[in-house]
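1. what's the 3D shape of this:
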Amino acid sequence: QLQLVESGGGLVQPGGSLRLSCAASGFSLRDYVIGWFRQAPGKEREGVSYINSSGGRTNYADSVKGRFTISRDNAKNTVYLQMNSLKPEDTGIYYCAAGGRATMAPRYDYWGQGTQVTVSS
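-> Predicted structure coming up:
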């Protein structure tokens, strides 16, 4: 069974950091572009970042550039999203997704269930 599982979310104060992980089971992530998305209450799902299969190409939403870093460890079949200098507007459910095309649009083939990130004092 193909599965993506996110972890690492939680409650953090503004200015704090979290590292999200996206682990795959049932298939190898090394063949896929991996994207991170988030969805705040009442808002559409938006692209946060993606990384290509080799890890040599990344992209970020303007709202997170300079604060978030995406990386992958294909040997561990895991992709990470390091989030620093978190702001309340970063609050939402974060999803990872696997697909064949590098895009910030939510057009990926496989999705995880999401992990909640809450930034609040």
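
2. And the one residue sitting closest to the centre of the chain, how far from Gly16?
-> Centroid check for the chain by Cα atoms, centre = their mean gives Trp36 as the closest residue, at 2.8 Å. Using Cβ to Cβ, to the nearest Å, Trp36 is found at 18 Å from Gly16. (Each C-beta comes from the backbone N, C-alpha and C, glycine too.)

3. before we move on, what about Tyr110?
-> Per Cβ to Cβ, Tyr110 is found 30 Å from Gly16.

4. Which one's more surrounded, these two?
-> Neighbour count, other Cβ atoms under 10 Å: between Tyr110 and Gly16, Tyr110 has more, with 17 against 14.

5. For Leu2, see how far away the more buried one is.
-> Counting by Cβ to Cβ, the gap from Tyr110 to Leu2 is 6 Å.

6. Now do the shared contacts for those two.
-> Counting by Cβ atoms under 8 Å, 6 or more residues apart in numbering, the contacts common to Tyr110 and Leu2 are Phe27.

7. Strands along this protein, start to end?
-> Remark: strands assigned in the chain by DSSP state E are 3-7, 10-12, 18-25, 33-39, 46-51, 58-60, 68-73, 78-83, 92-99, 110-111, 115-119.

8. now these in a markdown table, with mean pLDDT?
-> Shown next, in a markdown table, are the strands of the chain (pLDDT from 0 to 100):
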| stretch | mean pLDDT |
| --- | --- |
| strand 3-7 | 96 |
| strand 10-12 | 98 |
| strand 18-25 | 96 |
| strand 33-39 | 98 |
| strand 46-51 | 98 |
| strand 58-60 | 98 |
| strand 68-73 | 97 |
| strand 78-83 | 98 |
| strand 92-99 | 97 |
| strand 110-111 | 96 |
| strand 115-119 | 98 |
